[in-house]
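# mind looking at a prediction? Sequence and model below.
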Amino acid sequence: MTERIVETAALLGRREKSEELTLLCEQAAAELTAQLREGVTPEECGGAFILAAAWLALAELETAGEGDVKSFTAGDVTVHKRDGEGRREALQLQAKQVMRPYLKDEGFIFRGVRG
């Protein structure tokens, strides 16, 4: 399954397959697997699991090695560092949305009303 996640991430992110991408995809798959509801396997999630893991891996790549430099000018040369944090958050949200039916419910719990 990891190979399919790597292929999907490479395609969606327009990146070459690499050891770094493979490691991030493996980590994303492990992270998603740990969040699955009891009794649900990654295989039961089908394409949603592969897509979500690919998005999570790409989200990590968005801020990998990103420094604090926002802009730099030296004479006629200007360097701008793109802000990957917004893109990272969007990819993480997409992954969570596609996996919502399979993940543990960590939201609101209604325990009752005293009467």
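Cool, got the structure. Numbers count the residues shown, from 1 in each chain.

# hmm, who's touching stretch 41-56?
Outside of stretch 41-56, the residues within contact range by C-beta atoms under 8 Å, 6 or more residues apart in numbering are 1, 4-6, 8-9, 12-13, 24-25, 28-29, 31-33, 36, 91-92, 94-96, 98-99, 101-102. In this view, the C-beta of every residue, glycine as well, is placed from N, C-alpha and C.

# try it again at 7 Å.
1, 4-5, 8-9, 12, 25, 28-29, 31-33, 91-92, 94-95, 98-99, 102 (C-beta atoms under 7 Å, 6 or more residues apart in numbering).

# and if you look at stretch 95-110?
So stretch 95-110 is contacted by Leu32, Gln35, Leu36, Arg37, Val40, Cys45, Ala48, Phe49, Leu51, Ala52, Trp55, Leu56 (C-beta under 7 Å, 6+ apart).

# among those, which one has the most neighbours?
Scoring the contacts of stretch 95-110 on neighbours with other C-beta atoms under 10 Å, the highest-scoring entry is Ala52 at 30 neighbours.

# hang on, the earlier thing: which of the contacts of stretch 41-56 count as buried?
With burial judged by 16 or more other C-beta atoms under 10 Å, the buried subset of the contacts of stretch 41-56 is 5, 8-9, 25, 28-29, 32, 91-92, 94-95, 98-99, 102.

# from those, which ones fall inside helices?
Mapping the buried ones among the contacts of stretch 41-56 onto helices (DSSP state H) picks out 5, 8-9, 25, 28-29, 32, 91-92, 94-95, 98-99.

# do you know how far Gly13 is from Gln27?
Distance of Gly13 to Gln27, computed by C-beta to C-beta, to the nearest Å: 15 Å.

# among the contacts of stretch 95-110, which lie within helices?
Leu32, Gln35, Cys45, Ala48, Phe49, Leu51, Ala52, Trp55, Leu56.

# excluding its backbone neighbours, what's nearest Leu36?
In space, and not counting its chain neighbours, Leu36 is closest to Tyr102: 5.7 Å by C-beta to C-beta, 6 or more residues apart in numbering.

# go on, Val40?
Closest to Val40 by C-beta to C-beta, 6+ apart is Tyr102, at 5.2 Å.
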